[in-house]
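Asks: what's the 3D shape of this:
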Amino acid sequence: MARKFLYFIAILIIVALAAMFLLRIYWDDLAEIAYVPRTEFVEQQPLETNAYQDPAMWLSRPGIGLDDAARWQPAMQGEGRRLPGSDDPEQDFAVFFIHPTSYLDSANWNAPLDDEQSQRIARIYVRGMASPFNRASEIWAPRYRQATFGAFLTDSAEARRAIDAAYDDVKQAFDFFVASVDEDVPIVLAGHSQGTLHLLRLLREDLANSPLAGRIAAIYAVGWPISAEHDLPALGFPACATPSQAGCIMSWSTFAEPADPARVIDAYRNSPGFDGEMRGESPILCTNPLTGGIGGEAPAEANLGTLIPNLDYTTGELVPGAVPARCNELGLLLIGDPPEVGSAVLPGNNYHVYDIPLFWENVKQDVAKRVEAWAARP
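Replies: Modelled structure (predicted):
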């Protein structure tokens, strides 16, 4: 009996290893089958011109009180629960934050605004990723008809139309945001993943060389690769070279080690940059959130607080000294051994979902310095 049991366990191990091997080889194909819609693209009707006057169209904005996802604040490990803004002085600046993809359904190319599951996940993202900007006098994070996850797994015309439709909502929300914020208030722009893709389009199509550009105190374009050679010049803003620089871009994509970024790098190299040239071997822009500058490395001791979520991501606590950070030669941000921060790690030790939470407290300190630097400019 014991021998049969051991044989059974051995067979289970072999099956599990084989499944993992096949998953690594065929991940792209399996993901495309599971997530790319097979339906025709449905043209998204424009929102009403006053749609974003409705507070219900925002996950975060002034005046929505306890329902404001971005105003949540975690406690430091070992301390009691932190009240929103209780230990940090408020600064006079406004944040526009674009959340990442939270719609995984293949039934539609664009997420319906009344889809409960995607809206629940979007609130979790805003709570974990926009909350480091809590010293701001205003945080605005719009709901929008985001492109589904599968739209980023194919080069089809339907996928491009879905992404364009999502951007149209973001642009409309941004225009309302600008019209609602006092003209002398500095602006911080932030996004992650799909949110960053839309943010980059905003920069190059609407903000670069515009009068509004002078009000931008900082830009956090996280979780989407930016070519320092083929993309950055078109954005109208430089990369952040020092932690005291204002009007600049912070950008990084996080992997633990050993990192296997092959899928990310292949997609990046085989795509055209904003100048029309292929990105190819050009390095990805990597600003280090622990140093506030381009490239370099910092030990775990420099990490002032990583947001470690609970199992259902409804809350979490800050743990100092949890992970280091260094930019490698490809332009990826490496954090050493895989930290235990949750179950949403992607294949290849890709910590994409945790790009901002890994450096939560440092991002909070970073934006405060850049707003101060903006205010001190002549």
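
Asks: Val170 and Leu358, how far apart?
Replies: Using CB to CB, to the nearest Å, Val170 is found at 25 Å from Leu358. Just so you know, the C-beta spots here come from the backbone N, C-alpha and C atoms, and that holds for glycine as well.

Asks: between those two, which one's more packed in?
Replies: Ranked by neighbour count (other CB atoms under 10 Å), Val170 and Leu358 place Leu358 first, with 27 against 23.

Asks: beta partners for the one residue sitting closest to the centre of the chain?
Replies: Centrality entry for the chain: nearest residue to the mean C-alpha point is His192, 1.8 Å, by CA atoms, centre = their mean. Counting by DSSP bridges, His192 forms beta bridges with Val222.

Asks: Contact partners for it?
Replies: By CB atoms under 8 Å, 6 or more residues apart in numbering, the residues touching His192 are 98-100, 125, 129, 222-224, 355-356.

Asks: which one among the residues you listed gets closest to Ala141?
Replies: The closest of these to Ala141 turns out to be His99 (CB to CB; 6.1 Å).

Asks: Surely the closest one touches Arg127?
Replies: No - His99 is not in contact with Arg127 according to CB atoms under 8 Å; the separation is 10.1 Å.

Asks: So which of those two has more stuff around it?
Replies: His99 (28 against 25).

Asks: Quick check: the gap between that one and Gly191.
Replies: Applying CB to CB to His99 and Gly191 gives a distance of 8 Å.

Asks: before we move on, what about Arg120?
Replies: For Arg120, the distance to Gly191 - CB to CB - is 20 Å.

Asks: Same drill for the two, tell me which one is more crowded.
Replies: Gly191 (27 against 11).

Asks: Please look at the more buried one and Leu203 and confirm they touch.
Replies: No - at 10.3 Å, Gly191 does not count as touching Leu203 under the criterion of CB under 8 Å.

Asks: which residues in the stretch 251-378 of the chain form helices?
Replies: 262-269, 360-376 (DSSP state H, counting those that start in this stretch).

Asks: Go through the ones you listed and name the closest to Pro299.
Replies: helix 360-376 (12.8 Å).

Asks: Which helix or strand lies directly C-terminal to the helix or strand of the chain with the lowest mean pLDDT?
Replies: In the chain, no helix or strand scores lower on mean pLDDT, DSSP states H and E than helix 2-35, which sits at a mean of 46. Downstream of helix 2-35, the next assigned helix or strand under DSSP states H and E is strand 58-60.

Asks: quick one: strands adjacent to that following strand?
Replies: strand 136-142 (antiparallel).

Asks: Going by neighbour count, list what's buried in the partner strand.
Replies: For strand 136-142, the neighbour count (16 or more other CB atoms under 10 Å) marks 136, 138-142 as buried.

Asks: Let's have these in TSV, adding pLDDT and distance to Pro243.
Replies: Formatted as TSV, the buried residues of strand 136-142 follow (pLDDT from 0 to 100; distance: CB to CB, whole Å):
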residue	pLDDT	distance to Pro243
Ala136	97	18
Glu138	96	23
Ile139	98	22
Trp140	98	25
Ala141	98	25
Pro142	98	29
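
Asks: Same list, those, but as JSON lines with distance to Ala51 please.
Replies: As requested, the buried residues of strand 136-142 are exported to JSON lines (distance: CB to CB, whole Å):
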{"residue": "Ala136", "distance to Ala51": "23"}
{"residue": "Glu138", "distance to Ala51": "19"}
{"residue": "Ile139", "distance to Ala51": "19"}
{"residue": "Trp140", "distance to Ala51": "14"}
{"residue": "Ala141", "distance to Ala51": "15"}
{"residue": "Pro142", "distance to Ala51": "10"}
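
Asks: so which of the residues you listed would you say is closest to Phe93?
Replies: Ala136 (5.2 Å).

Asks: How much space separates the closest one from Ala165?
Replies: 29 Å.

Asks: what does Val363 give?
Replies: 30 Å.

Asks: same question for the helix or strand harbouring Phe174, mean pLDDT?
Replies: Take DSSP H and E as the rule and Phe174 turns out to sit in helix 157-180. What helix 157-180 shows for mean pLDDT is 97.

Asks: What residues sit buried inside that helix?
Replies: For helix 157-180, burial by neighbour count (16+ other CB under 10 Å) applies to 158-159, 161-163, 165-167, 169-174, 176-178.

Asks: what's the neighbour count on the residue lying closest to Leu333 once chain neighbours are set aside?
Replies: Leaving aside its sequence neighbours, Leu333 sits nearest to Trp252 (CB to CB, 6 or more residues apart in numbering; 4.2 Å). Using other CB under 10 Å, Trp252 has 25 neighbouring residues.

Asks: Provide a list of residues in contact with Trp252.
Replies: Trp252 sits in contact with 222, 286-289, 325, 327, 333, 355, where contact means CB under 8 Å, 6+ apart.

Asks: any chance of those in TSV, with pLDDT and neighbour count too?
Replies: Below are those laid out as TSV (pLDDT from 0 to 100; neighbours: other CB atoms under 10 Å):
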residue	pLDDT	neighbour count
Val222	98	27
Cys286	98	26
Thr287	98	27
Asn288	98	24
Pro289	98	28
Ala325	98	25
Cys327	98	22
Leu333	98	27
Asp355	98	25
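
Asks: give me the number of residues near the nearest residue in space to Pro339 that is not next to it in sequence?
Replies: Distances taken as CB to CB, 6+ apart place Val323 nearest to Pro339, at 5.2 Å, with adjacent residues excluded. Residues lying near Val323 (other CB under 10 Å) number 25.

Asks: wait, Val323 sits on Leu333?
Replies: No - Val323 is beyond contact range of Leu333, at 10.1 Å (criterion: CB under 8 Å).

Asks: quick revisit: common neighbours of His99 and Arg127, please.
Replies: By CB under 8 Å, 6+ apart, no residue touches both His99 and Arg127.

Asks: per-residue confidence for Thr291?
Replies: 97.

Asks: Could you check how many residues crowd around Ser131?
Replies: So Ser131, with other CB under 10 Å, has 25 neighbours.

Asks: Nice, that's everything, thank you.
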